[in-house]
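K.L.:
Task: produce atomic coordinates for the following.
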Amino acid sequence: MISRTIDILVALSAFVLTAPLAGLAAIAITVESRGGALFRARRMGRNGRPFTMLKLRSMVAETGPRITAQDDARVTRVGRILRRVHLDEWPQLWNVLRGDMSLVGPRPEDPSLVDLADPRWQRVLSVRPGITGPTQLVFAACEGALLRGDGSQASTVEIETRYRRDVLPEKLASDLGYVDRRSLATDLAVLARTLALPFRGAA
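P.N.:
Numbering: from 1, shown residues only. Next up, the predicted model:
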């Protein structure tokens, strides 16, 4: 698995090198829609300790459902571009530097979706969550296709129900597989696949 030293060195280098581009993105976000450039979300971290995960805001600032559907009307034009090239995740490099996250690891989930009494979750939470990981890569496309809605309250409830019933168990199984088999070689392979995503037009 990637060591903490590699996490810090890579995250710091990437943070500094991409800061000018992220700064331009932040300006575009605030020009297009009301609100700050950063989005803060509570996520469950290592050993069951919640932390605040940072992202560049890709949606309108108003509150809404925790699950983002593929056709979610809250996503802005700038936000769609940021999501396509994964620049919305740039502030998570700061989470890595703080020790909240790793470059590669299980997907960080909302605390309300995590059962700390479940041995499977305890195993997944024995390591730091990651900016990227096998689960993030595998479910990036199929999750969006599954979680569609028309924006109504009834649709929002149904999306969250489908997420808990159909998506979350599969993600948990995937994260368990990663934790049990992780190594430096697999982590480096995940990083390489992640860096290639924008050039392959991944959403």
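K.L.:
what about the closest residue in space to Leu113 that isn't next to it in sequence, which helix or strand?
P.N.:
Once flanking residues are discounted, Leu113 sits nearest to Leu168: 6.2 Å by Cβ to Cβ, 6 or more residues apart in numbering. All C-beta atoms are positioned from the backbone trio N, CA, C, and that covers glycine. According to DSSP states H and E, Leu168 maps onto helix 168-181.
K.L.:
Pull out the buried residues from that helix.
P.N.:
Taking 16 or more other Cβ atoms under 10 Å as the neighbour-count basis, helix 168-181 is seen to contain the buried residues 171-172, 174-176, 178-179.
K.L.:
Rebuild these as CSV, extending it with pLDDT.
P.N.:
Formatted as CSV, the entries for the buried residues of helix 168-181 read as follows, by pLDDT from 0 to 100:
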residue, pLDDT
Lys171, 93
Leu172, 95
Ser174, 94
Asp175, 96
Leu176, 96
Tyr178, 96
Val179, 96
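K.L.:
with these in mind, which one is nearest to Glu160?
P.N.:
When these are compared for distance to Glu160 (Cβ to Cβ), Lys171 comes out closest, at 14.4 Å.
K.L.:
thinking again about what came up before, can you name the two of the buried residues of helix 168-181 that sit furthest apart?
P.N.:
Spanning the widest gap among the buried residues of helix 168-181 are Lys171 and Val179, at 12.5 Å by Cβ to Cβ.
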